[in-house]
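Q: my questions are about this predicted structure, shown below with the sequence.
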Amino acid sequence: MKTVFSLLFPIFLLLSCNKKNETISNDTITSEKKSTAKEEAFEMYEMSEMAALMEQMYVDNKRLKERILKGDTIGKFPQHFMKIHEAVMTDESDKDLFFKEQAAKFIKAQELIYEDPKNAKAHFNNGINACISCHEVKCGGPIPKIKKLYIK
């Protein structure tokens, strides 16, 4: 009797575990179907050319700030900054005269960093001022992030 019980008990245990796994699998499938339906309705944000360019300029200026603070060589003006004049914006109506003036001020300040490295700190901060002046009018969201670039 003990032998029969010791043989049947593991089989019974194994079969009962399989039924639980099937139930879990069905629940999992149901929840996966629900989440897939939700994901199909979700649309990924796609950055405009201008937003991507500004993100890249932020990274470049963060590195430049570190070089200025350490007294390292400045290097060459990043030519991709010039794309600010033609990059496609999220809302093209934002590319008005005010934006173009601020972009020109920003580019001039950035170029001066490389042309006059002795006054790099002042030129750098002027470039940051141009960014903030524009963002105060156009899109205020990134201002706190931009302010972190100032060299004190």
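A: Sure thing, it's come through.
Q: which helices and strands does the helix or strand containing Ala104 pack with?
A: Under the criterion of DSSP states H and E, Ala104 resides in helix 97-115. The contact analysis (3 or more Cβ pairs under 8 Å, 6 or more residues apart in numbering; DSSP states H and E) places helix 97-115 against helix 120-137. The C-beta positions use only the backbone N, C-alpha and C, and glycine is treated the same way.
Q: buried residues of the very next helix or strand once past the helix it packs on, list them for me.
A: Per DSSP H and E, the first helix or strand lying C-terminal to helix 120-137 is helix 143-147. For helix 143-147, the neighbour count (16 or more other Cβ atoms under 10 Å) marks Ile146 as buried.
Q: next: stretch 72-91.
A: Buried, per 16+ other Cβ under 10 Å, within stretch 72-91: Pro78, Phe81, Ile84, Ala87, Met89.
Q: again with stretch 99-111
A: Neighbour-count burial for stretch 99-111 [16+ other Cβ under 10 Å]: Phe99, Gln102, Ala103, Lys105, Phe106, Ile107, Ala109, Gln110.
Q: please name the residues that touch the first one.
A: What it means is Phe99. Phe99 is in contact with Cys134, Lys138, counting by Cβ atoms under 8 Å, 6 or more residues apart in numbering.
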